[in-house]
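Colleague: no sequence on this one, just coordinates:
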């Protein structure tokens, strides 16, 4: 049985990769994937603590979270599709019309 | 009494005439000119009735109504106001009659008659006011009417400019006057009101209230108030240095000039000082200023009258000069008391008669020759006998020609009215010089101005009426309405002074209680020379009797000398006019340029100082400093926003980065503080 900190470290690394990706990547699809990474890092944490404290609550939350992530991905990709139709690419830094 | 109930009609009728003439003048014969004539004639009759009543009873007519708070509106006809009333209504009536003929060819007659009626009404308002505020309101109305009438031919640019100049120049004085009233009001409220708590109704600005309580007002304040009042008088009466509007005021119709110079407007300033004389006598420093400004103006204006070629401008400068005499007479009041008011008013009335006559004669000449320029006239005597003779009479009066010493034999002075009144003022100055102040300057001003007055008056007359015609025009005598008026005025100019000298001075001099005046003079730290145990009449005789023969002779010598000098130069032409009157003669040049007043007033004071220094400095401080602060604040905010708005990039990732950094920063801070 591994100590819970191992899981937390893995989750933190995954979360940081996700954050770094969201902050630096240009492609909308890659950003979506990085967001998924961050969500999954959170899920790992939830499972780790659920196992550690022998409680079922964490599992339930993870199921919610996955469902949420699926919904988010569906809407996000739909938005990216319509952006692609009008701009012929999905580079987020081109989508800057809401500025000064 | 009956007269008390109808005195309000005196100013009300001309106001009514103003409204009626303005509304219906176009449909009536002579532009409705008969309405003001009728109205002023009735006013004149009421004035005569009021005069008779005062003369009989010796009690002033007072009508007063509550206005608001501590102010009232009212009418006060004391001897001073009464003689002014008679003069204003009578002379104004004659000028209106004359104007029927003079303005016959002018299409704007209804406007003319309406405005002159209002002018007369405003002046009557000044004369009748029983409180200083009402006085000021009517005074401003006079200023407005002068603006309208001087600029009567407003399509002529010079006339429009002259109207504006008159309005603005007198405005300088009006502002001073108003400041004086404000200071007076605060002083009355501060120092006088506490003493009057027992009385039921107190009207603070009523003349009687003011005069009864002068001793409560601090003397320093009183000096300031009277000097400010005199500032107003300087503006209206064309005293130095605010005289510049008067010569330009000649741009209006000649009848308007006559009205301004004789019956209304300029006499208002003298009347103001006479009306508030009890205040002035308690502030002897102010009276000294009045005397000096008056004396200086008398001399200063008469020198410029010597070289003017415009017939009306010569008369304008002579008006300024004669008003200076009146101020000089009032200034002498610090020594001789209330008799000074009598001397000044006597000259004012006489001046009104002969100056109205002179102006209307000039109008008659202009009417028939079509020019104002004396150089283009000449030899008019054969064509215009009545005008010539009446003008000669009026000129004799202005120059002050008369027979001295004869009053000892026949009991009254024999001479033209100018002789009687002007010599009285000069004697007055001599008396003050000899017995009180030992200050010869006012006397010197008076006697020199008398000499110059005679010269310019007869220069005008000789140039216009004698010699050969210098223009091939066909002058003709004016219609009977005009010459009739001239004759009446000329007769008054000749004999009025002779007949009324002592009774007039006695009547007007008793406007103020002699004991009260004596008390007030003592209050000012300058007790009167004479005690008034024997009345004003005695005092006048005293002044005349104590003068040495040479002093009595001097004004007459000045008058006759001036006449002869003018005769030699402008009639016989033994001395060539061209040899004196050219620009190489520095004295002539400076006079013809009117002491460079235009340059000093317009270019130096107006353009260089007021515009160049004051206006531009305040413009600079307004634009750069005041506006600069406001603009600076707004441009700082706008600039800051320009910088800050760059944060709003529109790129979602930047926001995400900022959020992450922010959260990180908060976590860091919390961990340092040991929360986490």
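Modeller: Structure's in. What do you need? Just so it is clear, the structure is predicted and the values come from calculations on it, not from any experiment.
Colleague: Next SSE downstream of whatever helix or strand residue A:44 lives in?
Modeller: Here residue A:44, judged by DSSP states H and E, is contained in helix A:28-53. Once the chain leaves helix A:28-53, the next helix or strand it forms, by DSSP H and E, is helix A:57-87.
Colleague: Could you list the buried residues of that next one?
Modeller: Going by neighbour count (16 or more other CB atoms under 10 Å in any protein chain shown), the buried part of helix A:57-87 is A:58, A:61-62, A:69, A:76, A:80, A:83. Bear in mind the C-beta positions are built from the backbone N, C-alpha and C, glycine included.
Colleague: Ok, stretch B:606-614 next?
Modeller: By neighbour count on 16+ other CB under 10 Å, the buried set for stretch B:606-614 is empty.
Colleague: mean confidence score for that stretch?
Modeller: In this model, stretch B:606-614 has a mean pLDDT of 80.
Colleague: Quick one: end-to-end length of it, please.
Modeller: Here the two ends of stretch B:606-614 are set 10 Å apart, with distance taken as CA to CA, to the nearest Å.
Colleague: Point me to the residue of chain B nearest chain A.
Modeller: residue B:650 (2.9 Å; CB to the nearest CB).
Colleague: any idea what that residue is structurally, helix, strand or coil?
Modeller: Under the three-state scheme (DSSP: H, G, I helix; E, B strand; the rest coil), residue B:650 adopts coil.
Colleague: Pull the contacting residues for it.
Modeller: A:95-100 (CB atoms under 8 Å, 6 or more residues apart in numbering or on different chains).
Colleague: low-scoring stretches of the stretch 1-150 of chain B, by residue?
Modeller: For the stretch 1-150 of chain B, the stretches with pLDDT under 70 are B:1.
Colleague: mind listing the helices for it?
Modeller: With DSSP state H, counting those that start in this stretch applied, the stretch 1-150 of chain B shows helices at B:2-6, B:9-24, B:34-57, B:79-102, B:109-128, B:132-150, listed in chain order.
Colleague: Indicate which one of the ones you listed is closest to residue B:399.
Modeller: Minimum separation from residue B:399 across the helices of the stretch 1-150 of chain B (CB to CB) falls at helix B:79-102, 20.4 Å.
Colleague: centre of the chain versus the closest one, how much separation?
Modeller: Computed by CA atoms, centre = their mean, to the nearest Å, the separation of helix B:79-102 from the middle of its chain amounts to 17 Å.
Colleague: Report the angle between that helix and helix B:34-57.
Modeller: With axes from the mean of the first three to the mean of the last three CA atoms, to 10 degrees defining the directions, helix B:79-102 sits at 160 degrees from helix B:34-57.
Colleague: so what does helix B:79-102 touch, helix or strand wise?
Modeller: Secondary-structure packing of helix B:79-102 (3 or more CB pairs under 8 Å, 6 or more residues apart in numbering or on different chains; DSSP states H and E): helix B:34-57, helix B:109-128, helix B:254-258, helix B:266-275, helix B:339-369, helix B:480-509.
Colleague: thought residue B:367 was touching residue B:476?
Modeller: No - with contact defined as CB atoms under 8 Å, residue B:367 and residue B:476 do not form a contacting pair (9.2 Å).
Colleague: Neighbour count for those two, which is higher?
Modeller: Taking neighbours as other CB atoms under 10 Å in any protein chain shown, residue B:367 and residue B:476 compare with residue B:367 leading, 22 against 11.
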